[in-house]
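Asker: build the 3D model from these lines:
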Amino acid sequence: MSTIKITKMHGCGNDFVFVDYDEFLKTGLSISDLAVRLCDRHFGIGADGLIIPEPYKGDDADILWHYYNSDGTTAQMCGNGMRCFARYVYDKGFIKGKSFSVKTLAGIIKPEILDDGMIKVNMGIPVLEDEKIPFKGEKRINVKDKEFLITPVSMGNPHCIIFTDEDPMYLAQYYGPEIEKHPYFPEKTNVEFVKVISQNEVDMRVYERGCGITLACGTGACATVVACVLNNLTVRNVKVNLLGGSVNVEWQGVGKDRDKNIFLIGPAQYSFSAEYML
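Answerer: Next up is the predicted model:
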């Protein structure tokens, strides 16, 4: 029986299995199949996603990542995963500097390891054009017995943000699965229910596309702050309280000047390293 080396990490409870590229090649499996196997919380290691760093020979980035959800589908970006990725590849010596660039399906993402140990990620410019999110519908959505006002945003992956005064966790659990696969979102969507606490703080609960309820979602936190600013609910530097912890999000987009990068700042922590029997 063969084994591969794995490392488990999390960002605010959003957890990931890391496998180096040479270890992945030993498995003989597709990344999708390996993700399903490793991320299973009963028969595998248990995680929200699988992340595989790969050396990159292009001129536009320092390193390449592969990110797959627990159900075997790929995702364009993952903010919490990117923070963990930054710490992992730096600690392993795959890159030399504390600031570098990563090739993803959402484009080039630039993380930075700060002096206090936090990871700051330049998540790029939010996408607000319906056809690019992609979103095909109205800004009102009817699900089960309820109508919601929604704000669609893409952070390289689609998000549906809903502001509420109700319990956001209950709403995410009860309505999230239906909204995720609503025909308004042809590539499905992440769903965020948000309660505004003050002009610089919100609570958010998420139903992630391809994962279900998770403890945190970095791209979801970014999309939430974009939606807050667009709806004049907060300032542009916001603490986002997630089920597994808090992150800070900064976006200077306002009015017609929306082509501004958004920054995600938060922790990345190791859980354990081990050998997994295939």
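Asker: I figured residue 237 hits residue 247, correct?
Answerer: No. Counting by C-beta atoms under 8 Å, residue 237 stays clear of residue 247, with 11.8 Å between them. Bear in mind the C-beta positions are built from the backbone N, C-alpha and C, glycine included.
Asker: doesn't residue 178 fall inside a helix?
Answerer: Yes. Counting by DSSP: H, G, I helix; E, B strand; the rest coil, residue 178 is found in a helix.
Asker: and residue 237 and residue 247? Which one has more around it.
Answerer: residue 247 (29 against 15; other C-beta atoms under 10 Å).
Asker: after the helix or strand where the more buried one lies, which helix or strand is next?
Answerer: Following DSSP states H and E, one finds residue 247 within strand 245-251. Next in sequence after strand 245-251, counting helices and strands by DSSP H and E, comes strand 262-266.
Asker: quick one, that next one and strand 245-251 angle?
Answerer: Relative orientation of strand 262-266 and strand 245-251, computed by axes from the mean of the first three to the mean of the last three C-alpha atoms, to 10 degrees: 160 degrees.
Asker: ok, and the closest non-adjacent residue to residue 114?
Answerer: residue 120 (5.6 Å; C-beta to C-beta, 6 or more residues apart in numbering).
Asker: would you say that neighbour is within a helix?
Answerer: No. Membership of residue 120 in a helix is not supported by three-state DSSP, which gives strand.
Asker: look up the pLDDT of the residue most central in space within the chain for me, please.
Answerer: Nearest to the mean C-alpha position of the chain, by C-alpha atoms, centre = their mean, lies residue 78 at 2.8 Å. Residue 78 is assigned a predicted lDDT (pLDDT) of 93.
Asker: before we move on, what about residue 145?
Answerer: According to the prediction, residue 145 has pLDDT 89.
Asker: how about the one 10 residues further on?
Answerer: According to the per-residue confidence, residue 155 scores 95 in pLDDT.
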